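Q: I'll drop the sequence and a predicted model, then ask my questions.
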Amino acid sequence: MAKASYVAGFFLAALFFIGGIQLCASTNSTFAACIQRDRNALLMFKASLQDLSNLLSSWEGQDCCYWKGVSCDQNTGHVIKLRLRNSNLTRWCGDSSPNISDGLLGLGKVNISLMELKHLKYLDLSGNSFQDNEIPEFFGSLNKLRYLNLSFTCFSGKVPHQLGNLTNLQVLDLGGYIQGPYADNLQWTSSLLSLRHLDMSGVDLGSAHNLMEVLTRLPSLQNLQLSRCGINNTHFQYALLNSTFIASIQFLDLSSNALQTPILNALQNMSFLRVLDISYNSFNSSVPLWLGNLKSLVTLNLGWNEFDSIEGELSSLINNYCYLKSLDLSRNRFHGEAFRTGQNLSRCVMHSLESLSLGDNEIGGQFPNWLGQLRGLQHLDLSTNSLHGPIPSFVWNLSNLRVFDLSYNQLSGVIPKSLGQLVNLEVFSVSRNSLEGTLSEIHFSSLSRLKSLDIGYNYNLTFKVSSDWIPPFSLQKCYMENCKIEGSEVPQWLRTQEEVTDLHLENASISGIFPMWLQSMPLSVLDLSLNQISGPLPSNFGDDMPLLQYLILSDNRINGSIPNSLCRLNDLMVLDLSRNMLHGQIPHCWTDSLNFFSIDLSSNKLSGTIPASIGNFPSLQQFHVNNNSLSGKLPLALINCLGMFSMDVGQNKLSGTIPTWIGENFLLLQILRLRENMFTGTIPLSLCRLSQLRILDLGNNSLVGRIPLCFSNLSGMIEISGRLFYNEKVMQVMKGQFLEYTGSVLPLVANMDLSSNKLVGHIPDELTTLVGLLGLNLSHNNLSGSIPRNIGNIASLESLDLSDNQLSGTIPNSMSIITSLSYLNLSHNKLSGKIPKGNQLQTLTDPSIYAGNLKLCGDPLPDKCPGDGEQVQPPMSIGLENE
């Protein structure tokens, strides 16, 4: 936030400066009318665009000087300014799912008619989309331009060197890209001697090795923004920062690149620098002491690096500044040592510093006392550290605080009534600590500006207010999950909160029916999971809550059917109604206007078939309908869900063969669970194409044939690199029992379960290449042959079940080297010989592991092998015998 505001400030300053170029030119009738040639050029330009927001609706009539976005010279009538900025920007260029729903949309190359605007000094096309088109070379012929803004326009290709002809240019903005155009040589910028503001954020400059060598010679440059440009240390290798550049540069943004520690020293003499942003790089040293010499700094962002300490200490560093308003040290590796000690701060920094971000570090201990001297603080973020003890009393005297985030620490004690002294507080977050005590009306009586309240996951914290309490604030976000809320229903005071968009009350001991009044709130996120809400959902649910994006009502006692009105929630992305008592069919009314990425209807009493309309969601990544009574076949329409990450349809009555299109189309699939259905036929070879698959559970079906040899292609079971997906839960039979994997553990799980089918043939040696498997269950089939000799290669194996087959031969010695093995079942086969000893097998002493193998012998079975326990005589020396 702080960074954005100062960027905007500098940008606006430049805008007004250049805007002074006859911005006072009016369209009064006493001034010259628009030149006909300029008017025709503008109309031709308009014809080449699709106007999605009616930005050009005023472009009618003879005098173009009256048109919106057009300014003319009052004496000559020439068009000198064209400001067509789309202020409703909703995307970054290069975003995987850009929302091009407004602004101007280029229908091809930018119309060359703009060349006719010979007197144009100001051109702003920012925020409009010219996707897949290159920046026109003819822009370089508009040689009177002083201001050119093409940010967020989604141009691609090479930045034309002809822009170097714009020798009057003072502002050039090409930023706004995640992945954008590129430039392999910036020599053309050397002629832009009047350039004050240059933003190339997102332009690929990785191959422009003369980047800093050229840019640091521009004598007028004050604002340089090169975020996300692919810059590394080599770009500074031959750059000698001249004194003019060092003295003139005021705003420098090198964030989101690949810079490392040595280049920091190149910045140390920029004494006029007001904004320095080197966040999202790879700096891994101490924060240098000389940063304190940059006394003009207003914003300093060192976040998202690997800094581990501060030369001196933090209080010494900030004591050097009198103008510093924002300091961001978040997401580094700082420990508590740099913060615990301190000194009396200077009066100017006590009042100037407004934002301090130290979140997501490794800071332990208690709060440093010097924080209490920062009376000007408006934003304080200490989240995701290891702070412990009570919240110190001096915090409640920081009366200017607007944002106060202490979440994800180890804080204890109570929240005192002094919280009410923070009368300017807008965001209060203390979630995931160990706070206790009771919060009442008194705590909040003066917090009229509060917009976000996050007290969740403090299991001993109680929220107790009277049933008729009317809060002084109007919340937009409310997080009270896993707290103790007095009463057994959704708190009545929430009825007064008419602006709430995010409401989290999971595991809050709420019972009763779903409150109808919630439907009048402008909610986009509603989470009431893990409560005891009962009764049916209102039939008009989807009609009355049209803004919902996340609906999470899992683990309640909701019955009845799923309302068809949910199909009309056009913004819904996550639907979780799992673990309730819903019955009837899944609605068949889903349309392609929805953008689902997660549907979880598992563990209900649903029947009927899986609707083909589920295939209308190409964005669907998670589909769980397991543990119901669904029947029929998997609908072919699911083939359209190309982004599927996890599909669990287990524990139903589904039939037919396993579709080949799963392996042919779900190439991103990591979890496939079809267990306990009525699938028949063979295991399709196309499943071998699922290179990211980590969990394959086909157990308890009626599959026949052999185990595919090509399962060795399932590289997701070799190198485990699963990602954490939203609220993912998967049941697996591991170690002889059903275990639920969730949270941060699930991405580490790789398991193959083909048990309780009718598979035949031998166990493929190729399975032993799946070295990342934690579990392998092939039990209750008709497999024959021997256990693969190299089974010990699966060193990570924790659970191995090969029971109830027709396996023969000996138990491979390599099994004894699987040091992580904690569950083994080889019972009821035809194995023979001596049970191997050593390492982990020595700890598996239950004889039932090997039961039903009549020819096995040795510990832990009672049957000893031939030769066990007999006295072995040493061989007699032949030499002695002859004597």
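A: In hand now; what should we look at? Numbering: from 1, shown residues only.

Q: Buried residues, stretch 286-300. List them.
A: The neighbour-count check on stretch 286-300 (16 or more other C-beta atoms under 10 Å) flags Val287, Pro288, Leu291, Gly292, Leu294, Leu297, Val298, Thr299, Leu300 as buried. Yep, even glycine has a C-beta here, placed from its N, CA and C like the rest.

Q: okay but the fifth one is in contact with Met270, surely?
A: Read that as Leu294. Yes: with contact defined as C-beta atoms under 8 Å, Leu294 and Met270 form a contacting pair (6.4 Å).

Q: got any residues that touch both of these two?
A: Shared contacts of Leu294 and Met270, defined by C-beta atoms under 8 Å, 6 or more residues apart in numbering, comprise Leu276.

Q: one step back: which one of the buried residues of stretch 286-300 is nearest to Ser467?
A: The shortest approach to Ser467 among those belongs to Thr299, at 46.7 Å (C-beta to C-beta).

Q: Just confirm that closest one contacts Arg274, I think it does.
A: Yes: taking contacts as C-beta under 8 Å, Thr299 lies within contact range of Arg274: 7.2 Å.

Q: Check which residues of stretch 270-279 are buried.
A: Met270, Leu273, Arg274, Val275, Leu276, Asp277, Ile278, Ser279.

Q: In the sheet, which strands lie alongside the helix or strand harbouring the fifth one, parallel or antiparallel?
A: Counting by DSSP states H and E, the secondary-structure element that holds Leu276 is strand 275-277. Within its sheet, strand 275-277 is paired with strand 251-253 (parallel), strand 299-301 (parallel), according to DSSP bridges.

Q: and the buried residues of stretch 286-300, which of them are in strands?
A: Val287, Thr299, Leu300 (DSSP state E).

Q: export the buried residues of stretch 270-279 to a markdown table and tack on pLDDT and distance to Asn616?
A: What follows is those, written out as a markdown table (pLDDT from 0 to 100; distance: C-beta to C-beta, whole Å):
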| residue | pLDDT | distance to Asn616 |
| --- | --- | --- |
| Met270 | 89 | 55 |
| Leu273 | 95 | 53 |
| Arg274 | 96 | 52 |
| Val275 | 97 | 47 |
| Leu276 | 96 | 49 |
| Asp277 | 97 | 43 |
| Ile278 | 96 | 45 |
| Ser279 | 97 | 40 |
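
Q: Kindly present the residues you listed as JSON lines, with separate columns for distance to Asp124.
A: Shown next, in JSON lines, are the buried residues of stretch 270-279 (distance: C-beta to C-beta, whole Å):
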{"residue": "Met270", "distance to Asp124": "29"}
{"residue": "Leu273", "distance to Asp124": "27"}
{"residue": "Arg274", "distance to Asp124": "24"}
{"residue": "Val275", "distance to Asp124": "22"}
{"residue": "Leu276", "distance to Asp124": "27"}
{"residue": "Asp277", "distance to Asp124": "24"}
{"residue": "Ile278", "distance to Asp124": "29"}
{"residue": "Ser279", "distance to Asp124": "28"}
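
Q: Turn the strands paired with strand 275-277 into TSV, columns for distance to Ser243.
A: TSV is the format used below for these (distance: least, C-beta to C-beta, whole Å):
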stretch	distance to Ser243
strand 251-253	16
strand 299-301	23
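
Q: And those: which comes nearest Glu719?
A: Going by C-beta to C-beta, the one of these nearest Glu719 is strand 299-301, 35.1 Å.

Q: mind checking how far the closest one is from the chain centre?
A: Relative to its parent chain, strand 299-301 has a centroid offset of 24 Å by C-alpha atoms, centre = their mean, to the nearest Å.

Q: Equivalent analysis for stretch 676-696, please.
A: For stretch 676-696, the distance to the chain centre is 29 Å (C-alpha atoms, centre = their mean).

Q: before we move on, back to that, between the strands paired with strand 275-277, which one is nearest to Leu667?
A: Closest to Leu667 of these, according to C-beta to C-beta: strand 251-253, at 37.7 Å.

Q: ok so, going back, can I get the strands paired with strand 275-277 in a markdown table including distance to Ala183 and mean pLDDT?
A: Formatted as a markdown table, the strands paired with strand 275-277 follow (distance: least, C-beta to C-beta, whole Å; pLDDT from 0 to 100):
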| stretch | distance to Ala183 | mean pLDDT |
| --- | --- | --- |
| strand 251-253 | 17 | 97 |
| strand 299-301 | 25 | 97 |
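
Q: Could you list the buried residues of the strand or helix carrying Phe738?
A: Assigned by DSSP H and E, Phe738 belongs to strand 737-742. With burial defined by 16+ other C-beta under 10 Å, the residues of strand 737-742 counted as buried are Leu739, Tyr741.

Q: Convert the C-alpha atoms of that strand to PDB, please.
A: These are the backbone C-alpha positions of strand 737-742, laid out as PDB (Å, rounded to 0.1, in the frame of the first residue of the first chain):
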ATOM      1  CA  GLN A 737      -6.500 -48.300   8.400                       C
ATOM      2  CA  PHE A 738      -8.300 -45.300   6.900                       C
ATOM      3  CA  LEU A 739      -6.200 -42.200   7.500                       C
ATOM      4  CA  GLU A 740      -7.200 -38.700   6.400                       C
ATOM      5  CA  TYR A 741      -4.500 -36.500   5.000                       C
ATOM      6  CA  THR A 742      -4.900 -32.800   4.800                       C
END
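
Q: following that strand, which helix or strand shows up next?
A: strand 751-753.

Q: For that next one, give me every contacting residue.
A: For strand 751-753, contacts defined as C-beta under 8 Å, 6+ apart pick out 675, 694-699, 711, 717, 732-734, 767, 770, 773-777.

Q: do stretch 386-397 as well
A: By C-beta under 8 Å, 6+ apart, the residues outside stretch 386-397 that reach it are 336, 362-367, 369, 371-372, 375, 404, 406, 409-416, 418-419, 421-422, 430.

Q: Mark which of those are part of strands, please.
A: Residues of these located in strands (DSSP E): Gly364, Gly365, Phe404, Gln410, Leu411, Ser412, Gly413, Val414.

Q: Which of these are buried, as a PyMOL select command?
A: This is the PyMOL syntax for the buried subset of those, where burial follows 16+ other C-beta under 10 Å:
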select buried, resi 364+404+411
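
Q: ok, Lys852 - contacts?
A: That one is not Lys; residue 852 is Gly. Residues near Gly852 by C-beta under 8 Å, 6+ apart: Ser827, His828, Asn829.

Q: shouldn't the first one be in contact with Pro847?
A: No: contact status for Ser827 versus Pro847: not in contact, 9.5 Å apart, counting by C-beta under 8 Å.
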